[in-house]
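**Student:** Give me coordinates for this.
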Amino acid sequence: MRDARLLVDALRDPASVETLHSDQWTELISIARAESLIGSLAHRVKDVSLPDRVRAVLQDAIEAHDLARQQALWEADCARRALADYPGKIVLMKGTAYVAANLDAGVGRSIGDLDIMVAREDLPVVEAALLDAGWEWVKPDPYDDQYYRDHMHELPPLIHRERDRMIDVHHTILPLTAGPKPDAGAILDKAVRLADGLYVMAPSDMLLHSIAHLFADGDLAGGLRNLWDINHLVRYFSERNEDFWVELDARAKTHGLVDELARAMRLAARLYAAPVQNIYADKRKFSDGVYVRRLLARDGYGRETRKLTRFAFYVRSHWLRMPPLMLARHLWTKWRKGGKPSN
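**Tutor:** Sure, this is the predicted structure:
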């Protein structure tokens with residue numbers, strides 16, 4: 001395989017896998033595992049004709065992700081109980097939010113750390129409560145700790161000493177040094193309460209958070225999974241609310257994510273046939289092809305390819321996060337300390 005198009009085609013049109021031969025199935029499963037989309041693929045093709053060997057592999061993936069779903073919800077409840085005395089909103093984010101809200105985007109979705117969002121002024125209270133409940137710092141280095149607190153959109157990551165599960169406590173959705181300045185207060189104000197007292201973001205904010213994470217922050221690593229989330233969220237919310245597109249457009253302006261929204265809609269339509277409005281789909285840009293090239297940079301063994309493209313997006317991710325002088329100082333400090341500049 002030259003790239004990950006085989007996986008995109010399978011997710012977009014499950015019936016397409018019925019003609020795959022043995023080697024192609026090996027490639028598809030390898031790429032899906034590498035992109036953390038094996039659970040999504042398994043659910044997507046479970047109703048089509050599959051070789052017995054393949055069906056067994058995919059059934060194992062479904063069962064593994066069902067267990068991961070239960071673990072994610074359990075970890076969210078652990079955080080809720082640890083913060084029982086905290087009067088503010090505790091907003092679940094990313095994969096845990098999708099499964100807690102029973103969204104299609106949560107079906108088969110790979111879930112790693114628990115991500116929550118609270119008001120920035122409440123960080124000391126939340127931090128203290130989590131430390132008392134058994135979480136401890138992953139990054140004890142003073143420079144890393146101060147960097148997170150001064151410039152990032154979250155506290156340094158914490159890990160529970162007994163359960164070995166990580167939690168990231170956010171106070172907004174992009175680094176403070178990034179170009180766009182999302183309105184964190186507006187996100188908390190509109191958050192939707194769940195039955196257990198936890199919250200998830202309102203539909204437009206949830207979609208824009210996924211978009212910001214993919215296109216305004218990182219280097220597009222894991223981008224096919226994130227774009228699959230975006231595709232699901234677009235379908236789910238637009239089908240249930242006729243005013244969704246108007247609200248989404250207004251919210252993108254509030255958060256300074258108009259360009260990122262347009263890019264996400266174009267690429268979700270291009271790769272996954274997401275039902276986006278024509279105002280987005282009809283305005284393709286030449287640079288979209290570069291993004292697609294980066295998103296599909298896997299070979300049939302699941303290995304990363306296109307080193308130059310990946311490096312360019314790696315540099316871009318740091319450029320997006322901070323001004324040039326700050327970036328130079330940060331990279332110099334990390335180099336002197338012998339660590340890779342991962343933040």
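
**Student:** Keeping just the C-alphas, turn stretch 180-189 into PDB.
**Tutor:** Listed next in PDB are the C-alpha coordinates belonging to stretch 180-189 (Å, rounded to 0.1, in the frame of the first residue of the first chain):
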ATOM      1  CA  PRO A 180      -6.900  31.600  18.000                       C
ATOM      2  CA  LYS A 181      -8.200  32.500  21.400                       C
ATOM      3  CA  PRO A 182     -11.300  30.400  22.100                       C
ATOM      4  CA  ASP A 183     -13.700  31.700  24.700                       C
ATOM      5  CA  ALA A 184     -13.400  29.200  27.500                       C
ATOM      6  CA  GLY A 185     -16.100  31.000  29.600                       C
ATOM      7  CA  ALA A 186     -18.600  30.700  26.700                       C
ATOM      8  CA  ILE A 187     -17.800  26.900  26.500                       C
ATOM      9  CA  LEU A 188     -18.400  26.400  30.200                       C
ATOM     10  CA  ASP A 189     -21.600  28.500  30.100                       C
END
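
**Student:** mind checking how far Leu37 is from His232?
**Tutor:** As defined by Cβ to Cβ, to the nearest Å, Leu37 lies at a distance of 12 Å from His232. C-beta here means a position set from N, CA and C on the backbone, and glycine is covered the same way.

**Student:** Kindly apply the preceding question to Arg163 instead.
**Tutor:** Arg163 is 29 Å from His232, where distance means Cβ to Cβ.

**Student:** now Asp219
**Tutor:** The value you get for Asp219 to His232, if Cβ to Cβ is used, is 22 Å.

**Student:** Between these two, point out the one with more neighbours.
**Tutor:** His232 (23 against 17; other Cβ atoms under 10 Å).

**Student:** The closest residue to that one other than its chain neighbours: what's it in contact with?
**Tutor:** Leaving aside its sequence neighbours, His232 sits nearest to Ala105 (Cβ to Cβ, 6 or more residues apart in numbering; 3.8 Å). Ala105 sits next to 98, 228-229, 232-233, 236 when contact means Cβ atoms under 8 Å, 6 or more residues apart in numbering.

**Student:** 7 Å instead?
**Tutor:** 98, 229, 232-233 (Cβ atoms under 7 Å, 6 or more residues apart in numbering).

**Student:** And Gly302, by the same measure?
**Tutor:** So Gly302 contacts 30-31, 33-34 (Cβ under 7 Å, 6+ apart).

**Student:** any chance of these in TSV, plus secondary structure, neighbour count and pLDDT?
**Tutor:** Compiled in TSV, these are given as follows (DSSP: H, G, I helix; E, B strand; the rest coil; neighbours: other Cβ atoms under 10 Å; pLDDT from 0 to 100):
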residue	secondary structure	neighbour count	pLDDT
Ser30	helix	20	97
Ile31	helix	28	97
Arg33	helix	16	97
Ala34	helix	19	97
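
**Student:** Mind picking the two most distant members of those?
**Tutor:** Greatest spacing in the contacts of Gly302, by Cβ to Cβ: Ile31 and Arg33 (7.3 Å).

**Student:** if I look at the most centrally placed residue in the chain, how far off is Leu155?
**Tutor:** Taking Cα atoms, centre = their mean, the centroid of the chain lies closest to Asn226, which sits 5.0 Å from it. Asn226 sits at a distance of 22 Å from Leu155 (criterion: Cβ to Cβ).

**Student:** cool, Asp122 as well?
**Tutor:** Between Asp122 and Leu155 the computed distance is 11 Å (Cβ to Cβ).

**Student:** Looking at the two, which has the bigger crowd around it?
**Tutor:** Set side by side, Asp122 and Leu155 show more neighbours around Leu155, with 22 against 17, by other Cβ under 10 Å.

**Student:** which ones are touching the residue lying closest to the more buried one once chain neighbours are set aside?
**Tutor:** Setting aside the residues directly before and after it, Leu155 is nearest to Val169 in space (Cβ to Cβ, 6+ apart), at 4.5 Å. Residues in contact with Val169 (Cβ under 7 Å, 6+ apart) are 116, 118, 123, 126, 154-155.

**Student:** now Arg284
**Tutor:** Arg284 sits next to Arg266 when contact means Cβ under 7 Å, 6+ apart.

**Student:** which SS class is it?
**Tutor:** Recorded secondary structure, Arg284: coil (DSSP: H, G, I helix; E, B strand; the rest coil).
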